[in-house]
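Participant: need a 3D model of the sequence below.
(chains A, B, C and D)
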There are 2 protein chains.
Amino acid sequence: MRLTLEKIGELAGVSRSTVSRVINDQRDVSEEVRTRVLETIERTGYRPNQAARTLVSSRSQVLGLVIPSSVHNLFADPYFGRLIQGITKAANRAEQTLSLFLFEDEREELDLYPRVIANGLLDGLIVTATKMADPLVQRLLDDDTNFVMIGRPDSNRISFVNVENESGARMATLHLLGHGAANIGAILPPSSTTTGIDRRSGFLSAMNESGRAVPEGAIVEGDFTEESGYEGMSRLISQGVDAVFCGSDTMAMGALQALIDAGLHCPGDVRVVSFDGLFDPRQTDPPLTTVSQPVRQTGEEAVNMLLEILNDGDSTPRSRIFPTELTIRSSCGCPEPGGSV
Amino acid sequence: MRLTLEKIGELAGVSRSTVSRVINDQRDVSEEVRTRVLETIERTGYRPNQAARTLVSSRSQVLGLVIPSSVHNLFADPYFGRLIQGITKAANRAEQTLSLFLFEDEREELDLYPRVIANGLLDGLIVTATKMADPLVQRLLDDDTNFVMIGRPDSNRISFVNVENESGARMATLHLLGHGAANIGAILPPSSTTTGIDRRSGFLSAMNESGRAVPEGAIVEGDFTEESGYEGMSRLISQGVDAVFCGSDTMAMGALQALIDAGLHCPGDVRVVSFDGLFDPRQTDPPLTTVSQPVRQTGEEAVNMLLEILNDGDSTPRSRIFPTELTIRSSCGCPEPGGSV
DNA sequence: TGGAGTCCCGGGAGCGCTCCCGGGACCGCT
DNA sequence: AGCGGTCCCGGGAGCGCTCCCGGGACTCCA
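Facilitator: All right, here's what the predicted structure looks like:
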């Protein structure tokens, strides 16, 4: 037999309304009554019915996290783990529940869009890893659902949290150039994503700046998986590169393996600088020099931004861009304390 | 301006009730009216307010997935990725939304239990990776929340989905013995989990059966992480083992690395059989012989079982135990097509 | 012809909450 | 004494839905 506001009021000798005021921490309740009500709530273990609250307030305290089907390596890539940790942390702190929307394939994705969007039990969404011109994003925009994107959107009507992909990639490339690399290649994220585009233009801008040409075939495109990194590095090896900017740590893992399998040494034969900062030094051999981005923080900020939008009731696009920073270890050829150069 | 049942009724020239009947696919609606209503719903893009439905029906179509804070390697261990994929797949198919409850630490966990349990927006829970005598489970039992556990519970009042841990571990150990191993060790999951206990007793039963003594120090306990596997194997090496049953693939990864670092060869010097079947052959060197369990299926079954319980309104404990099977590759010393023995 | 049964349909009631309004008690000031 | 203001508190209305009941129309059979 479920407790209601009315019943608690009865037990505490006050009305429904007063109990409601206590629970929502509103004014117009005497200190004495407040403690009395709080006591009976504590004693009975009463919890307000969230559905009823949602119905009248149209706020469910539930946020949705949508990850498109294209992310097949969702759980293989440490990026998403970190991201989800950041998101749940912020959500927990704000007393929000997190609903997860993952899809097996594109068909399922399309079938389920309406359920996600017009769910009615969701206050807003966090959307990540979309490709450009993603139909989901368009739908969300049309239905003016509140949402924030993680990563740079391809429209200026969207709130988002991002990191400095371009300048990070530029830094990485310049570092490689600083080491005197003569023949630089790049393994980049998909060009169907803004992340891929931005890291690419960072790479190109560094090359340009240093007066380097980018020969045909010096850029290969991966898809964030280790396999594609392996594949990409193999292609670059055959072009005789002596340095590679790799646009994601996971791809770098594969790239390093490709070097080993080709009997080449990193950084001796090929220097590598990567992007993400997901692994700790011991996880790769040699320790990866990489552009670190604050993944957890990105997730937290997405939640906070979404909550701000919801609370302000103002959906004018906002954004937050976190800086990236070059973490120097030894895969670039820098000496490392205790490491072999 | 949000649409309501009433409004759709107005547009279709019928009453609220009739529209409701159409939506819920109930009888007492003429074919003509039904199509007319369906049409206006389609045309307007109407979606019933889930909060209102939940309020009156006390079914939210939302399931919760709870993963305790103790799982620090949540996203490092491919197990959970698979599990979650299975769960989301089954949830999607049943038109259920999945809410995710992850905790940073035990304090947060305790703080949030009440919100999880008495959420009011959850029809039921799937709980995984609990330790024995877990306080959460006790709370769920007390509040008679509907839930199913993944893994064997330490009480017979709980519905669960599990795999044959004991016989799997027994098989693995017997296989090692069949290879003529003289000095077998084991790296097992925590003894605070039923999984740890069951895999241990499978190991012991095989040893017993073959008349082998289990010397002091032949069993070390890990915590499902690679590090603990490395650590465990290092200890076993110093004891001079020539074969090891490793109670989880992730730990086996660490164990194999420990062998390499010790200058030992697998399976030449130390044979290894593992448990889980998470990696594909190419991911380890040598390819792991392992006891495969159907992780995705386990997740799907947990959802289905929970839904059965909810639909039947009958919470008498039920269970489903999936078989495990020995996947023979080469880390045990078996010859593999194309592999070196 | 009339009563029972079936098929449709509409409207009242109510789920448990929040919001709003009004009223009583008490204060201080003119 | 009268009035405005503040502090508390209770109850009505209503969120959008489902469930239940009752009534009209039509059919079938005695």
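Participant: any idea which helix or strand carries residue A:47?
Facilitator: For residue A:47, there is no enclosing helix or strand under DSSP states H and E.
Participant: give me every residue that touches it.
Facilitator: Applying Cβ atoms under 8 Å, 6 or more residues apart in numbering or on different chains to residue A:47 gives the contacts A:3, B:114, B:118-120. (C-beta placed from N, C-alpha, C; glycine too.)
Participant: and it, how far from residue B:200?
Facilitator: In this view, residue A:47 and residue B:200 are 40 Å apart by Cβ to Cβ, to the nearest Å.
Participant: same thing with residue A:147?
Facilitator: Separation of residue A:147 from residue B:200 (Cβ to Cβ): 48 Å.
Participant: more neighbours, those two?
Facilitator: Per other Cβ atoms under 10 Å in any protein chain shown, whichever of residue A:147 and residue B:200 has more neighbours is residue A:147, with 26 against 21.
Participant: does residue A:11 touch residue A:42 like I think?
Facilitator: No. Under the criterion of Cβ atoms under 8 Å, residue A:11 is not in contact with residue A:42, lying 11.6 Å apart.
Participant: neighbour count for those two, which is higher?
Facilitator: More crowded of residue A:11 and residue A:42, by other Cβ under 10 Å: residue A:11, with 18 against 9.
Participant: check the gap between that one and DNA strand C for me.
Facilitator: Distance, residue A:11 to DNA strand C, using Cβ to the nearest atom of the strand, to the nearest Å: 12 Å.
Participant: over to residue A:195?
Facilitator: Relative to DNA strand C, residue A:195 is positioned 40 Å away (Cβ to the nearest atom of the strand).
Participant: same deal with residue A:191?
Facilitator: From residue A:191 across to DNA strand C, the span is 47 Å (Cβ to the nearest atom of the strand).
Participant: and for residue A:133?
Facilitator: Distance of residue A:133 to DNA strand C, given as Cβ to the nearest atom of the strand: 38 Å.
Participant: what segments of the stretch 1-150 of chain A are strands?
Facilitator: With DSSP state E, counting those that start in this stretch as the criterion, the stretch 1-150 of chain A has strands at A:62-67, A:97-102, A:124-128, A:147-150.
Participant: mean confidence score for stretch A:150-167?
Facilitator: Throughout stretch A:150-167, pLDDT has a mean value of 96.
Participant: list the buried residues for that stretch?
Facilitator: By neighbour count on 16 or more other Cβ atoms under 10 Å in any protein chain shown, the buried set for stretch A:150-167 is A:150-154, A:158-167.
Participant: mind checking which of those are in helices?
Facilitator: Within the buried residues of stretch A:150-167, residues falling in helices by DSSP state H are A:165-167.
Participant: kindly indicate which of those residues lies nearest residue B:278.
Facilitator: Comparing those against residue B:278 with Cβ to Cβ places residue A:165 closest, at 32.0 Å.
Participant: now do the contacts for the closest one.
Facilitator: Shown in contact with residue A:165 (Cβ under 8 Å, 6+ apart): A:152, A:195, A:198-199, A:202, A:275, A:324.
Participant: again, but for residue A:78
Facilitator: Residue A:78 touches A:249-250, A:278-279, B:75-76, counting by Cβ under 8 Å, 6+ apart.
Participant: swap in 6 Å and give it another go.
Facilitator: Taking Cβ atoms under 6 Å, 6 or more residues apart in numbering or on different chains, we find residue A:78 in contact with residue A:278.
Participant: again, but for residue A:179
Facilitator: Per Cβ under 6 Å, 6+ apart, neighbours of residue A:179: A:271, A:333.
Participant: same question, the one 4 residues further on
Facilitator: Under the criterion of Cβ under 6 Å, 6+ apart, the contact list for residue A:183 reads A:240-242.
Participant: got the angle for the longest helix seen in chain A vs strand A:62-67?
Facilitator: If you go by DSSP H, chain A has its longest helix at helix A:295-312. Per axes from the mean of the first three to the mean of the last three Cα atoms, to 10 degrees, the angle that helix A:295-312 makes with strand A:62-67 is 140 degrees.
Participant: next, the buried residues of helix A:295-312.
Facilitator: Quick answer for helix A:295-312 (16+ other Cβ under 10 Å): A:295-307, A:309-310.
Participant: one more: stretch A:315-333?
Facilitator: So for stretch A:315-333, counting by 16+ other Cβ under 10 Å, buried means A:315, A:320, A:324, A:326, A:328-333.
Participant: and if you look at stretch A:258-266?
Facilitator: Neighbour-count burial for stretch A:258-266 flags A:258-259, A:266 (criterion: 16+ other Cβ under 10 Å).
Participant: redo the residues you listed as TSV? Include pLDDT.
Facilitator: Shown next, in TSV, are those (pLDDT from 0 to 100):
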residue	pLDDT
A:258	96
A:259	97
A:266	96
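Participant: restricted to helices, list those residues.
Facilitator: Here DSSP H is the test, and these give A:258-259 as lying in helices.
Participant: hmm, the helix or strand bottoming out on mean pLDDT in chain A in reach of DNA strand D?
Facilitator: Ranked by mean pLDDT, DSSP states H and E, the weakest helix or strand in chain A is helix A:106-117, scoring a mean of 81. No. Helix A:106-117 is not in contact with DNA strand D by Cβ under 7 Å from any atom of the strand; minimum separation 14.1 Å.
Participant: what is the burial count for residue A:103?
Facilitator: 22.
Participant: how much space separates it from DNA strand D?
Facilitator: Noted for residue A:103: a distance of 25 Å to DNA strand D, by Cβ to the nearest atom of the strand.
Participant: that residue is in contact with residue A:110, isn't it?
Facilitator: No. Counting by Cβ atoms under 6 Å, residue A:103 does not reach residue A:110; the two are 8.9 Å apart.
Participant: identify the residues contacting the closest residue in space to residue A:243 that isn't next to it in sequence.
Facilitator: Spatially, and ignoring its direct neighbours in sequence, residue A:243 is nearest to residue A:181 (3.4 Å; Cβ to Cβ, 6 or more residues apart in numbering or on different chains). Residues in contact with residue A:181 (Cβ under 6 Å, 6+ apart) are A:242-243, A:271.
Participant: quick one, phi psi at residue A:184?
Facilitator: Main-chain dihedrals, residue A:184, degrees, to the nearest 10: phi -100, psi 140.
Participant: still on that earlier bit, so which of the buried residues of stretch A:258-266 also contact chain B?
Facilitator: Restricting the buried residues of stretch A:258-266 to those near chain B by Cβ under 6 Å from any Cβ of the partner chain leaves nothing, as none qualifies.
Participant: adding distance to residue B:26, write the buried residues of stretch A:258-266 out as a markdown table.
Facilitator: Formatted as a markdown table, the buried residues of stretch A:258-266 follow (distance: Cβ to Cβ, whole Å):
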| residue | distance to residue B:26 |
| --- | --- |
| A:258 | 61 |
| A:259 | 65 |
| A:266 | 67 |
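Participant: so of the buried residues of stretch A:315-333, which ones are in strands?
Facilitator: Counting by DSSP state E, these place A:320, A:326 in strands.
Participant: out of the buried residues of stretch A:315-333, the closest to residue A:287 would be?
Facilitator: Nearest to residue A:287 among the buried residues of stretch A:315-333, with distances taken as Cβ to Cβ, is residue A:329, at 3.7 Å.
Participant: so what's the spatially most central residue of chain A closest to, chain neighbours aside?
Facilitator: Central residue of chain A (Cα atoms, centre = their mean): residue A:83, 4.8 Å from the mean position. Counting by Cβ to Cβ, 6+ apart, the nearest residue to residue A:83 once its immediate chain neighbours are dropped is residue A:299, at 4.5 Å.
Participant: wait, that neighbour touches residue A:86, no?
Facilitator: Yes. Look at residue A:299 against residue A:86 with Cβ under 6 Å: they come within range, at 2.6 Å.
Participant: okay, now the unreliable bits of chain A?
Facilitator: By pLDDT under 70, the low-scoring segments of chain A are A:1, A:71-72, A:119, A:337-341.
Participant: can you give me the helices for it?
Facilitator: According to DSSP H, the helices that chain A contains are A:5-12, A:16-23, A:31-44, A:50-57, A:78-93, A:106-117, A:135-142, A:165-178, A:194-209, A:226-238, A:249-261, A:295-312.
Participant: all good on my end, thank you.
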